[in-house]
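Colleague: Generate a structure from the sequence data that follows.
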Amino acid sequence: MQTKVGRWVVLSWMVAACASPTLPAHDADLASDVGEAAGADAASADDGPAPDGLVSDGGAADAGTIEPDDGAAVANSQADVPGADAQIDTASACPTAVVTVLEGSTVVPGTMLHLNGGKSVAADGSAVTKYNWSVKQPYGSAQVFIPMASFSHPSFTTKLAGGYEFCLSVWDSTNTKSCQPACVKVSVIPDEAVHVELTWTTPGGSGPGTSAPGVAADLDLHFAHPLAVGDDLDCDGLPDPWFSAMFDCFWFNQTPKWGPVGSAVGKPSLNVGPGGPETLRLAQPEGTLASPASYEIGVHFWDDHGLGPSIPTVRVYMLGVLVMSIKGPQMKMLDIWHVGTLHWPNGLSSSGSKSDPVTLCFQTGQPCNKSDPGKKWTATGGHCLHPCYIKKSFATALGAKLGNCKMP
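Modeller: Residues are numbered from 1 along each chain as shown. Below is the predicted model:
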């Protein structure tokens with residue numbers, strides 16, 4: 001489709017791909033550590049280092065301790081600490097914690113892990129009496145242990161790709177704590193050709209995508225097909241791909257069927273949830289070396305629920321490799337951020353030229369209608385951020401929240 005900007009910044013990196021790949025089991029200055037494995041940290045695309053994760057003091061017993069991902073690459077061959085062959089020091093003055101992960105050390109996003117501390121023992125060989133789990137997880141992830149962090153064998157869902165570290169401390173009948181926790185690392189690596197994640201922080205809230213209990217800002221991920229053409233709501237003179245009922249994959253159209261009937265090609269799926277994250281998975285994109293395909297990535301701020309602005313982060317993985325992590329601009333309700341264009345395939349074309357994974361969208365040109373506050377392109381050279389963006393057909397539910405926004 002025709003691009004909507006006059007200037008693009010390119011991520012100079014290439015993933016070798018072909019028409020039928022074999023898939024394996026974050027403002028303007030982009031400093032993305034491209035090519036890192038999903039279990040490794042990627043540099044944020046803002047003016048500073050990637051933000052740290054949130055650290056909970058464990059005040060809510062059921063949440064456990066949520067700490068920042070240390071970014072270390074995970075390559076454990078076992079998910080049992082100290083392991084089947086390790087010797088338990090029963091002469092020690094403190095109990096020994098042992099961790100087992102049923103699913104192993106490498107899983108895909110969305111996997112529910114089953115953790116078990118049942119092999120932990122007291123110094124005299126008797127069973128332990130108390131457990132406490134903690135986790136380091138990727139920034140933007142705020143998952144908790146189910147049913148609680150004090151359960152001997154809780155479950156934990158890995159909604160985002162990246163590295164996770166689970167640690168367990170135990171106590172014996174005399175309330176003596178284990179001398180050191182037992183820890184195990186798990187790598188969460190996408191197995192699709194294309195995997196896109198949206199997370200966000202809300203300063204008016206209390207964590208990634210969260211606020212007061214039961215309330216969260218609502219941002220939406222959009223992933224548009226090359227054929228997505230709609231009204232020019234941002235008034236830049238070009239058709240927009242967003243909110244296309246058929247060719248935009250978003251909350252209204254979570255599992256579009258773009259490719260050939262009976263084929264897995266061009267069949268994305270979108271996972272959404274209150275407060276995020278949102279994840280887009282596309283196992284087999286359309287596009288070949290001779291005829292590449294370009295998909296548009298966007299973020300729309302549907303409803304702030306009275307919490308004020310939010311700051312989004314988008315990560316893109318291709319063939320299990322993190323190719324882009326970018327922290328976006330501060331967004332207000334009904335803003336839309338055109339992140340950029342994803343190119344598939346992005347290896348050597350038939351003519352021998354190189355194609356990069358993602359090109360970012362930046363604003364150029366003049367505002368199209370200065371007299372209309374509801375439609376204004378602010379040509380600052382920053383992100384392609386458009387205010388008051390909503391189609392009439394989707395605006396009814398918002399009612400009075402539309403405020404002074406004007407729609408064609």
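
Colleague: going forward, measure contacts between C-alpha atoms and count neighbours the same way
Modeller: Will do.

Colleague: Count the residues that sit near Gly259.
Modeller: Per other C-alpha atoms under 10 Å, the neighbour tally for Gly259 reads 15.

Colleague: quick one: pLDDT of the spatially closest residue to His338 that is not a sequence neighbour?
Modeller: Of all residues not flanking His338 in the chain, Gly298 sits nearest, at 4.5 Å (C-alpha to C-alpha, 6 or more residues apart in numbering). We note a pLDDT of 97 for Gly298 in this prediction.

Colleague: Check Leu227 too.
Modeller: On the pLDDT scale, Leu227 is placed at 95.

Colleague: cool, and Thr396?
Modeller: Looking at Thr396, its pLDDT is 70.

Colleague: What about it, how many residues nearby?
Modeller: By the criterion of other C-alpha under 10 Å, Thr396 has 11 neighbours.

Colleague: got the contact list for Tyr389?
Modeller: Neighbour list for Tyr389: 233-234, 334-336, 407 [criterion: C-alpha atoms under 8 Å, 6 or more residues apart in numbering].

Colleague: Most widely separated two among these?
Modeller: Maximum pairwise distance among these (C-alpha to C-alpha): 14.1 Å, between Ile336 and Met407.

Colleague: The two - which one has more neighbours?
Modeller: Ile336 (26 against 15).

Colleague: Could you measure from the more buried one over to His195?
Modeller: Using C-alpha to C-alpha, to the nearest Å, Ile336 is found at 21 Å from His195.

Colleague: Likewise for Ser173?
Modeller: Per C-alpha to C-alpha, Ser173 is found 47 Å from His195.

Colleague: can you check Ile189 too?
Modeller: From Ile189 over to His195 the distance is 10 Å, taken as C-alpha to C-alpha.

Colleague: circling back: so who does the residue nearest to His338 touch?
Modeller: Contacts of Gly298 by C-alpha under 8 Å, 6+ apart are 221-223, 242, 336-340.

Colleague: From those residues, pick the one nearest His153.
Modeller: Nearest to His153 among the contacts of Gly298: Leu221, at 34.0 Å, using C-alpha to C-alpha.

Colleague: Kindly state the beta-bridge partners for the closest residue in space to that closest one that isn't next to it in sequence.
Modeller: Setting aside the residues directly before and after it, Leu221 is nearest to Val299 in space (C-alpha to C-alpha, 6+ apart), at 4.8 Å. Going by DSSP bridges, Val299 is paired in beta bridges with Leu221, Trp337.

Colleague: surely Val299 meets Leu334?
Modeller: No - contact criterion C-alpha atoms under 8 Å: Val299 and Leu334 do not qualify, at 10.1 Å.

Colleague: the more surrounded of those two?
Modeller: Between Val299 and Leu334, counted using other C-alpha under 10 Å, the more crowded position is Val299 (24 against 20).

Colleague: contacting residues for the more buried one?
Modeller: Val299 makes contact with 219-222, 312, 336-339, according to C-alpha under 8 Å, 6+ apart.

Colleague: From Pro241, how far out is the closest residue to Pro387 other than its chain neighbours?
Modeller: Spatial nearest neighbour of Pro387, excluding adjacent residues (C-alpha to C-alpha, 6+ apart): Asp335 at 4.3 Å. Distance, Asp335 to Pro241, using C-alpha to C-alpha: 15 Å.

Colleague: Tell me the secondary structure at Ala395.
Modeller: helix (DSSP: H, G, I helix; E, B strand; the rest coil).

Colleague: Same check on the one 3 residues further on?
Modeller: Secondary structure assignment for Leu398 (three-state DSSP): helix.

Colleague: Identify the residue nearest it in space, chain neighbours excluded?
Modeller: Spatial nearest neighbour of Leu398, excluding adjacent residues (C-alpha to C-alpha, 6+ apart): Asp303 at 8.0 Å.

Colleague: Could you tell me how many residues sit around that neighbour?
Modeller: By the measure other C-alpha under 10 Å, the count of residues near Asp303 is 21.

Colleague: List the residues that contact it.
Modeller: Contact analysis of Asp303 by C-alpha under 8 Å, 6+ apart lists 217-219, 333-334, 398.
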